[in-house]
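K.L.:
Based on what follows, work out the 3D shape:
(2 chains)
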Amino acid sequence: MQIYLPIADIPVNVFLVLAMGLAVGFISGMFGVGGGFLMTPLLIFIGVQPAVAVASVTTHVAASSFSGAIAYWRRNAIDVTLALTLLAGGIVGSAGGVALFTWLRALDQLDLMIGLSYVTLLSVVGVLMVGESARAIVRSRQGKPVELRRPGSHIWFHGLPLKVRFKRSKVYVSAIPVLAIGFIIGFLGAIMGIGGGFLLVPMLIYLMRVPTATVIGTSMVLTFLTMVSATVLHAATNHLVDAVLALILMIGGVIGAQFGAHAGQRIRGEWLRLLLGLLVLAVGLRFAGQLVLRPDDLYSIRLIGGGP
Amino acid sequence: MRYALAAALVVAGFLADAAPAAAERLVASLTNHRVMITSNYTGVELVLFGTVERDGAGAAGAARGGPYDIVATVMGPREPLRTRRKQRVLGIWVNTAARTFVDPPSYLAVLANRSLDAIASADNQRRLQLGIADTPLPELINNDIGEVSNDPFRAALVRLMRERGLYSEEPNAVTFLTPTLFRASISLPAQVPIGNYTVDVKLFADGNLIARTDSAFEIVKVGFEQFVVDAAREHGLLYGLATAMMALLTGWIARVAFRRD
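P.N.:
The predicted structure is shown next:
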């Protein structure tokens, strides 16, 4: 069944988009990530302009992370102070990201920037995740205890001024690095159409020493808040959010996530991280190929007026 | 179909006074002057009907008996457009050069009953801007507007628009049902831009333009589609807030529906 997307200005098959939502939702539920980094490239692949894809996926991620956040809220696994501090940085980051997005689009370099960000970020994160999880797997094979939390070493930026006690997470650190992390996540989210959960979780664990008990719930809350603000900002400045596309995606996404979460509970943590790392790396390499290989057509056209 | 012909005859009546002193008069009409884009829109086909009216048939030197040729040019709304070219910079492909085209038609279809070369001489084709190759597509060059011949950017623009089905030259789209009655099908692909379209119909005999007429239609989004576009363009902030609320509601419903704990 074909449906005409009013903002993307193309007809798409509802069942295809729904299936994409289900598949990405399954993966996001399984690994506890938003799935934006998979959804945006898929939409671009079926012919949605990159700008509309990025803007509409932010809405989709808002829905799936909200659904997840409610679950963690009920389990009292959210550090509200930490989430709000991250958010303060995140909103500034989103606004900066949307502004850069608008500017790059005018310069004809938006697609390049989206491509480059994907390659860099996904390759680096993918390699780190694969390396870390492979070491964990080897360690557990050798019968050594799995390292849950690194020794309480102090990193220099923990000692910056504006110290805040994040009670639920039992950490007492400067608010400045927390705001900076929020800014980075918000900024990248607006440009790449990703929630940034796969970046935020390791950053909070390794840089801020936040315990795993609160990290995922807190990350979900931040993701949903930054994605909501990115949706509103994208809609208000670029008019590129396709509500119809976002609705189909989110319906598929939230259903898929339920099944994914169920499947994820049956796999051991380090194997799950290895799989996610490989997936992230694969998407990164796919983007790298696009940038490095000679394109089929060196020319492209873009309307300058109000349309995308 | 009958209505279209009836409409065409009415139009003919109006045109009778305005027609040039030529021996032939061309009358044409479309089956539909308003194409509506709804949620199940996947492209549409319009039919152009027309007839050649001959005065004083039999009078010496008046009407030629034919054979006639028809060239119909359909043009969509004009919008500024940029053509960009990628080049390898430090190992990756980057848009390095771009040209701005000043309001090229967003849709251009040249429909004829046989190849343009068979209908008119190359000279006539150029003078009448008959084919896509002879349609002016001015570019913005250092704040000047001009036509660039043999420009690869222009060639790329035409090629990309052809690939999207937005530019086309179809030498078989017009069929003569009788020596003077013809029909042409205008196929509008799914991604046609909305706006006003003009149809310019030219009648040729022996390689010369002997009559022309025009018609028009519009493509509009209606109902829900139009509502969404209006909301997004004119009330961006409200639209964004509403979309965000929709996302939260969907997330919440999913949580309630699938709650296991």
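
K.L.:
what's the helix or strand for B:A72?
P.N.:
Applying DSSP states H and E as the criterion places B:A72 in strand B:68-75.

K.L.:
For that strand, what is the distance to the chain centroid?
P.N.:
Remark: strand B:68-75 is offset 12 Å from the chain centroid, using CA atoms, centre = their mean, to the nearest Å.

K.L.:
Now do that strand: everything it contacts.
P.N.:
If you take CB atoms under 8 Å, 6 or more residues apart in numbering or on different chains as the criterion, strand B:68-75 is touched by B:24, B:28, B:48, B:50, B:52, B:105, B:107-114, B:116, B:118-120, B:130, B:173-174, B:176, B:179-180, B:182, B:184, B:186, B:197-205. The way it works is simple: take the backbone N, C-alpha and C, and place the C-beta from them, glycine included.

K.L.:
The same query, at a cut-off of 6 Å, please.
P.N.:
B:48, B:52, B:105, B:108-113, B:119, B:130, B:174, B:182, B:184, B:186, B:198-205 (CB atoms under 6 Å, 6 or more residues apart in numbering or on different chains).

K.L.:
Stretch B:38-57 now?
P.N.:
Looking at what lies outside stretch B:38-57 - CB under 6 Å, 6+ apart - the contacts are A:2-4, A:11, B:4, B:8, B:23-32, B:35, B:62-63, B:68, B:72, B:180-190.

K.L.:
residue ranges of the strands in the chain, please?
P.N.:
Picking chain A for this. A:2-5, A:10-13, A:163-166, A:171-174, A:299-303 (DSSP state E).

K.L.:
Correction: the question concerned chain B.
P.N.:
Here chain B has its strands, by DSSP E, at B:24-30, B:34-37, B:44-54, B:68-75, B:81-89, B:92-101, B:108-112, B:139-141, B:144-146, B:167-170, B:174-176, B:181-188, B:195-205, B:208-221.

K.L.:
Direction included, what does the last one pair against?
P.N.:
Here the strand partners of strand B:208-221, with direction, are listed using DSSP bridges: strand B:34-37 (parallel), strand B:195-205 (antiparallel).

K.L.:
mean confidence for it?
P.N.:
Over the span of strand B:208-221, the pLDDT mean works out to 89.

K.L.:
Residues of chain A that sit close to chain B?
P.N.:
A:2-4, A:6-7, A:10-11, A:59, A:62-63, A:66-67, A:70, A:108, A:112, A:228, A:231-232, A:235-236, A:239, A:241, A:243, A:250, A:254, A:258, A:291-292, A:295, A:298-305 (CB under 6 Å from any CB of the partner chain).

K.L.:
where in the stretch 151-261 of chain B is pLDDT low?
P.N.:
The stretch 151-261 of chain B contains residues with pLDDT under 70 at B:259-261.

K.L.:
Over to chain A?
P.N.:
Where chain A drops to pLDDT under 70, the residues are A:144-159, A:304-308.

K.L.:
what's around residue 141, how many residues?
P.N.:
This is for chain A. Residues contacting A:R141 under the criterion other CB atoms under 10 Å in any protein chain shown number 8.

K.L.:
Chain B, not that one
P.N.:
With other CB under 10 Å as criterion, B:I141 counts 13.

K.L.:
Sheet-wise, list the partners of the strand holding B:A72 with their directions.
P.N.:
Strand B:68-75 is paired, per DSSP bridges, with strand B:108-112 (antiparallel), strand B:195-205 (antiparallel).

K.L.:
Which helix in the chain has the most residues?
P.N.:
Looking at chain A here, since you left the chain open. For chain A, the helix with the greatest residue count under DSSP state H is helix A:110-141.

K.L.:
let's do chain B instead
P.N.:
Counting by DSSP H, the longest helix found in chain B is helix B:236-257.

K.L.:
in it, what counts as buried?
P.N.:
Buried residues in helix B:236-257, counted by 16 or more other CB atoms under 10 Å in any protein chain shown: B:236, B:239-241, B:243-244, B:246-248, B:250-251, B:254-255.

K.L.:
Next one: the closest residue to B:R212 other than its chain neighbours from chain A, what distance?
P.N.:
The spatial neighbour of B:R212 that comes closest, neighbours along the chain excluded (CB to CB, 6 or more residues apart in numbering or on different chains), is B:K202 at 4.6 Å. Between B:K202 and chain A the distance is 28 Å, computed by CB to the nearest CB, to the nearest Å.

K.L.:
Residues in a beta bridge with B:K202, which ones?
P.N.:
B:V71, B:R212.

K.L.:
Not counting its neighbours along the chain, what's nearest the residue of chain B found nearest chain A?
P.N.:
In chain B, the residue that lies nearest chain A is B:G240 (2.8 Å; CB to the nearest CB). Distances taken as CB to CB, 6+ apart place A:A235 nearest to B:G240, at 2.8 Å, with adjacent residues excluded.

K.L.:
Could you report the neighbour count for residue 104?
P.N.:
You didn't say which chain, so I picked chain A. Around A:L104 there are 17 residues (other CB under 10 Å).

K.L.:
actually it's chain B I care about, not the one you picked
P.N.:
Count around B:P104 with other CB under 10 Å applied: 24.

K.L.:
where do the helices sit along chain A?
P.N.:
A:14-31, A:36-45, A:50-74, A:80-106, A:110-141, A:175-192, A:197-206, A:212-237, A:243-264, A:269-292.

K.L.:
looking at those, which is buried most?
P.N.:
Among those, ranked by average contacts under mean count of other CB atoms under 10 Å in any protein chain shown, first place goes to helix A:50-74 (a mean of 27).

K.L.:
Helix A:36-45 and that one, what's the angle between them?
P.N.:
With axes from the mean of the first three to the mean of the last three CA atoms, to 10 degrees defining the directions, helix A:50-74 sits at 150 degrees from helix A:36-45.

K.L.:
And helix A:50-74, what does it pack against?
P.N.:
For helix A:50-74, the elements it packs on are helix A:36-45, helix A:212-237, helix A:243-264, helix B:236-257, judged by 3 or more CB pairs under 6 Å, 6 or more residues apart in numbering or on different chains; DSSP states H and E.
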